[in-house]
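Engineer: based on what follows, work out the 3D shape:
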Amino acid sequence: MEFTAPATGTIESIFAPHLGDPFDDPEAEELLFNIYAADNPSPVAVAALRTDLVRDQHPLGRSYNIPFEQPLEVVEGGRYSFLLLVGAGSNDVIGSGSVVLSEGSWDNRVTGTIVCKLPEGVTLADDPPPGLVSSRECRGTQPHHAVINPQDQIMSYPIDNQTKYDDIVRTLDIADYLTIASNRF
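Structural biologist: Numbering: from 1, shown residues only. The predicted model follows:
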């Protein structure tokens, strides 16, 4: 996965909201993270996580803060790539961004917003002006793609019953965030 640094600074760790072992076996999993700078075949930062990725607190797994061996200095506008490897002997690993819960699938959803992709080399840190990209050039994207896991909370059941109650409790239990975009429910 490639990315452009929006600002100059130091990155000391990787935050993974959810990592888990889909087989729930007792063996440790190994994840290796490498960051590469453009036109550099050697990693500029390395991190590793070796632990049993249990799912006892959440069906998608616990959150982890994974420190780099040495802090990574990034330069605004610099192009980098991120590579994740599952170590030899490790089983499959599941991962997810933060779980963001929305009331209803048809309501004003924060996670359903589609925006135009910015031109190469332009980031939000540049405070781009409105109309920078025309509707014909938009190439619409969801900014949360691969960063969060959107979930709907079914609030539109016509009557309050046990099914509706159970769904509300289940979704609140797995959510990291709850968005309420209107006062409809």
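
Engineer: for this protein, what spans make up the helices?
Structural biologist: Assigned by DSSP state H, the helices in the chain fall at 162-174.

Engineer: any low-confidence regions in it?
Structural biologist: 104-114, 141-147, 185 (pLDDT under 70).

Engineer: let me know the outermost residue of it.
Structural biologist: Taking C-alpha atoms, centre = their mean as the measure, the residue most remote from the mean C-alpha position of the chain is residue 159, 34.4 Å away.

Engineer: please report how far that residue lies from residue 148.
Structural biologist: Distance of residue 159 to residue 148, given as C-beta to C-beta, to the nearest Å: 31 Å. Where C-beta positions appear, they are placed from N, C-alpha and C, glycine not excepted.

Engineer: list the contacts of residue 59.
Structural biologist: 20, 174 (C-beta atoms under 8 Å, 6 or more residues apart in numbering).

Engineer: quick revisit: phi first, then psi, for the residue farthest from the centre of the chain.
Structural biologist: Residue 159 has phi and psi values of phi -130, psi 150 when expressed as degrees, to the nearest 10.

Engineer: what about the closest residue to residue 153 other than its chain neighbours, neighbour count?
Structural biologist: Excluding its sequence neighbours, the residue lying closest to residue 153 (C-beta to C-beta, 6 or more residues apart in numbering) is residue 171, at 4.6 Å. A count of neighbours around residue 171, defined by other C-beta atoms under 10 Å, yields 19.
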